[in-house]
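Participant: Got a predicted structure plus its sequence, pasted below:
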Amino acid sequence: EILVPYAPETFDGIIRKLMQTGLEPSFLSSKLISSADACRFDQVQKGSLNETPTVVDKSIEAVSRVFGWGKDQLLSAQPLSVPALAGAQARFKMPARRNADQTTLYAAYAFYLARLVLQATPKGPLNPVPDEPDAFLELYHASYQELDFRNLLNFCWDLGIPIMPLSDGGQFHGACWRMEGRNVVVMKQRTPHTGRWLFDLLHELYHVSQRPEETDFLVLEAAETSVERRESDEEIRASQFAGEVALRGQAENLTQVVINQSNGDIRRVKSLVSQVAEAHDIDVGLFANYLAFRLQMQGINWWGAAANLQRSSEDPWEIARDVFCERFSFEGIDATDQSILDRALERT
């Protein structure tokens, strides 16, 4: 593409300039400004910058905070550069061309939310996360008896690890950041199954447990069927950790039972998973998620069958949002940040 430099004279001009980076107007109106201002968004796009200062100024302020483009840059003829993702490329293979820019922009948005949440969360002692399933379960059961998604979320907050839930699809499937030694996890799933969210949160906690000597790092999660998930040693260990914790140390043993009884026939696996789960009194959805991960390592996509075995009647995103609102202190956040946070916590 050839980008022709121009200095915007209208709000619509600013929108066109932002679109050159991959930032769509729908993202600006749905994520960065309040619902009330979004209702006026289409009308003010065609006006001059002087005719509609309220929505324009709020939009410019929000864009500047999240992506680092100052008002002078937005109004100048200089093209905007997409924010860099420090360290992320080593952990996540970006898609080509324009999609890479959109992924980077969304990651910058998620990073802004993560940083905002950490800054507004009181600092406490930095509690390490055990990376061995037995040690993790011992620490967990010292405070919570049942391992379920709500309890696990509260356990994370107890350790000083805020969990920010997003309901957007695409781009990437979750992230964890460490900033100045403090950890925060962004969960980003569209599945309505609590077992899957629990498995993914345990997966992220394994990443949090790693490299304790580093004060800053970022892990962006690719899709569960990606090459990164299948070939990265840390990704494999993270999913093994998640499975062993979720299934009380029985994940690999029960997987071998299913593999042996199936005699290599993938068509028998679904019924065997249900039978083995019932016989050993474990959650069939959690077992199915772990088995899907194990089969993915062999190049078999079994995630659809695993989804059909989930038995959750609760909405995991709503659970995560409710725990976030219970544990997070909204005091001291200004109107712009409050608006951005409110929109992030809305159902997409």
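Facilitator: Right, received. Where do you want to start? Since the structure is predicted, the reported quantities are computational estimates derived from the model, not experimental observations.
Participant: Kindly list the single helix or strand of the chain that scores lowest on mean pLDDT.
Facilitator: Taking mean pLDDT, DSSP states H and E as the measure, the helix or strand of the chain with the lowest value is helix 41-45, at a mean of 63.
Participant: I'd like to know which elements the helix or strand just after that one is packed against.
Facilitator: Downstream of helix 41-45, the next assigned helix or strand under DSSP states H and E is helix 53-67. Contact partners of helix 53-67 among helices and strands, from 3 or more C-beta pairs under 8 Å, 6 or more residues apart in numbering; DSSP states H and E: helix 11-19, helix 35-38, helix 41-45, helix 71-75, helix 97-120, helix 335-344. Quick note: C-beta positions are derived from backbone N, CA and C, even for glycine.
Participant: where are the low-confidence patches of this structure?
Facilitator: Scanning the chain for pLDDT under 70 picks out 1-6, 41-53, 86-98, 225.
Participant: Tell me where the stretch 201-348 of the chain has helices.
Facilitator: Counting by DSSP state H, counting those that start in this stretch, the stretch 201-348 of the chain has helices at residues 227-231, 233-246, 251-262, 269-279, 284-296, 303-308, 316-327, 335-344.
Participant: ok and the third one relative to helix 269-279, angle-wise?
Facilitator: Orientation note: helix 251-262 sits at an angle of 130 degrees relative to helix 269-279 (axes from the mean of the first three to the mean of the last three C-alpha atoms, to 10 degrees).
Participant: which other residues reach helix 251-262?
Facilitator: With contact meaning C-beta atoms under 8 Å, 6 or more residues apart in numbering, helix 251-262 is reached by 240, 243-244, 247, 268-269, 272-273, 276-277, 280, 282, 287, 290-291, 294.
Participant: try 7 Å
Facilitator: The contact list for helix 251-262, computed with C-beta atoms under 7 Å, 6 or more residues apart in numbering, reads 243-244, 247, 268-269, 272-273, 276, 280, 287, 290-291, 294.
Participant: can you redo those residues as a markdown table with distance to residue 66 and neighbour count?
Facilitator: Shown next, in a markdown table, are those (distance: C-beta to C-beta, whole Å; neighbours: other C-beta atoms under 10 Å):
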| residue | distance to residue 66 | neighbour count |
| --- | --- | --- |
| 243 | 36 | 26 |
| 244 | 38 | 21 |
| 247 | 39 | 24 |
| 268 | 50 | 13 |
| 269 | 44 | 22 |
| 272 | 48 | 17 |
| 273 | 43 | 26 |
| 276 | 47 | 19 |
| 280 | 47 | 14 |
| 287 | 40 | 26 |
| 290 | 36 | 27 |
| 291 | 39 | 26 |
| 294 | 39 | 21 |
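Participant: what distance separates stretch 329-344 from the centre of its chain?
Facilitator: On the basis of C-alpha atoms, centre = their mean, to the nearest Å, stretch 329-344 is displaced by 19 Å from the centre of the chain it belongs to.
Participant: buried stuff in it?
Facilitator: Residues of stretch 329-344 classed as buried: 333, 336, 337, 339, 340, 341, 343, 344 (neighbour count, 16 or more other C-beta atoms under 10 Å).
Participant: what do you get for stretch 142-150?
Facilitator: For stretch 142-150, by 16+ other C-beta under 10 Å, it's 147, 149, 150.
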